[in-house]
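Engineer: The following block contains a protein sequence and its predicted model.
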Amino acid sequence: MNRSAKTPDIAVIIPACNEAASIGKVLADIPKRLAAEIVVVNNNSSDDTARIAREKGAIVVDEPRQGYGSACLKGVGYLKSRPDKPDIVVFLDADYSDYPGEMIALIEPIFEQNFDLVLGSRSLGKIQKGAMPAQQIFGNRLATWLIKTFYGARFTDLGPFRAVKFDKLLALDMQDKTYGWPIEMQLKAVRQQFRICEVPVSYRPRIGKSKISGTIRGTIMAGYKILSAIFRYR
């Protein structure tokens with residue numbers, strides 16, 4: 001990263017629901033020199049997720065309303081309430097499937113090339129065997145094909161590991177409270193003509209069972225939310 005210019009103020013938001021087995025590993029791997037603030041949103045956990053996150057030095061805010069989007073919105077609301085707003089926000093999952101150390105690859109295009117939104121693409125990177133079930137791979141391919149068909153935008157993934165300018169994030173007026181948060185962000189960013197790019201990221205099997213792809217109901221609901229969003233924002 002070019003250090004001749006002002007170093008951006010970077011915040012990390014990590015939605016977490018019952019991720020006590022993994023949250024400590026995630027926090028330990030975040031490059032501390034990059035993240036000025038790490039916010040773990042405790043999304044109605046019944047285990048020690050919140051306690052472990054605090055012990056590891058994260059700021060913990062509670063969001064009892066279940067839902068990935070609800071947790072992300074809570075984290076954004078917390079950052080909005082701070083007197084000093086971040087320049088960039090990184091969204092990262094709490095299950096240790098992403099590699100937090102690759103955060104710098106997401107930030108560099110914003111910092112050095114003035115992109116507004118940078119998406120971590122697992123499809124362009126290295127996916128370990130068993131990390132993504134077949135239905136998730138198929139759903140990603142279908143969704144990105146539909147986005148290309150209806151919006152003219154080329155994406156390879158809908159992964160949650162991403163970085164965005166904070167002022168641009170607020171301009172999106174995010175609303176989805178469940179599984180549709182990532183695709184809502186991408187589609188609204190396309191409609192608002194953000195400068196968007198993808199960078200390769202690595203992906204490994206998560207710790208614990210997925211609340212989305214790990215259950216039939218989660219898979220169906222995620223698919224529904226993604227498809228409905230594609231047609232809603234046309």
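Structural biologist: Nice, thanks for sending it over.
Engineer: tell me the secondary structure for the closest residue to E37 other than its chain neighbours?
Structural biologist: Closest residue in space to E37, ignoring its immediate chain neighbours: A11 at 4.4 Å, by C-beta to C-beta, 6 or more residues apart in numbering. Every C-beta, even on glycine, is put in place using the N, C-alpha and C of the backbone. State at A11, reduced to three classes by DSSP: H, G, I helix; E, B strand; the rest coil: strand.
Engineer: burial count for A11?
Structural biologist: Other residues near A11 come to 22 when the count uses other C-beta atoms under 10 Å.
Engineer: Likewise for G125?
Structural biologist: Taking other C-beta under 10 Å as the criterion, the count of residues near G125 is 20.
Engineer: Which residue ranges of this structure form helices?
Structural biologist: Assigned helices in the chain, in chain order: 23-29, 49-55, 68-81, 103-113, 134-151, 166-171, 181-191, 216-232 (criterion: DSSP state H).
Engineer: Can you tell me which of the ones you listed is packed in deepest?
Structural biologist: helix 181-191 (a mean of 21; mean count of other C-beta atoms under 10 Å).
Engineer: Flag the shaky bits of the chain, pLDDT-wise.
Structural biologist: 1-6, 210-219, 221-222 (pLDDT under 70).
Engineer: Mind doing that once more with 50?
Structural biologist: Judged against pLDDT under 50, the low-scoring parts of the chain cover residues 2-4.
Engineer: one step back: just send the helices of the chain back as a markdown table, with distance to N43 too.
Structural biologist: Formatted as a markdown table, the helices of the chain follow (distance: least, C-beta to C-beta, whole Å):
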| stretch | distance to N43 |
| --- | --- |
| helix 23-29 | 12 |
| helix 49-55 | 9 |
| helix 68-81 | 4 |
| helix 103-113 | 21 |
| helix 134-151 | 21 |
| helix 166-171 | 19 |
| helix 181-191 | 12 |
| helix 216-232 | 14 |
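Engineer: so which of these comes closest to I207?
Structural biologist: Among these, helix 23-29 comes nearest to I207, with 7.4 Å by C-beta to C-beta.
Engineer: could you say what helices and strands that closest one packs with?
Structural biologist: The contact analysis (3 or more C-beta pairs under 8 Å, 6 or more residues apart in numbering; DSSP states H and E) places helix 23-29 against strand 10-16, strand 35-42, helix 49-55.
Engineer: Which among these is found nearest to R206?
Structural biologist: Nearest to R206 among the helices and strands packed on helix 23-29 is strand 10-16 (12.3 Å), distances taken as C-beta to C-beta.
Engineer: in that closest one, what counts as buried?
Structural biologist: Of the residues in strand 10-16, those scored as buried under the neighbour-count criterion (16 or more other C-beta atoms under 10 Å) are 10-16.
Engineer: roughly how far is that strand from the heart of the chain?
Structural biologist: Centre-to-centre, strand 10-16 and its host chain are 8 Å apart (C-alpha atoms, centre = their mean, to the nearest Å).
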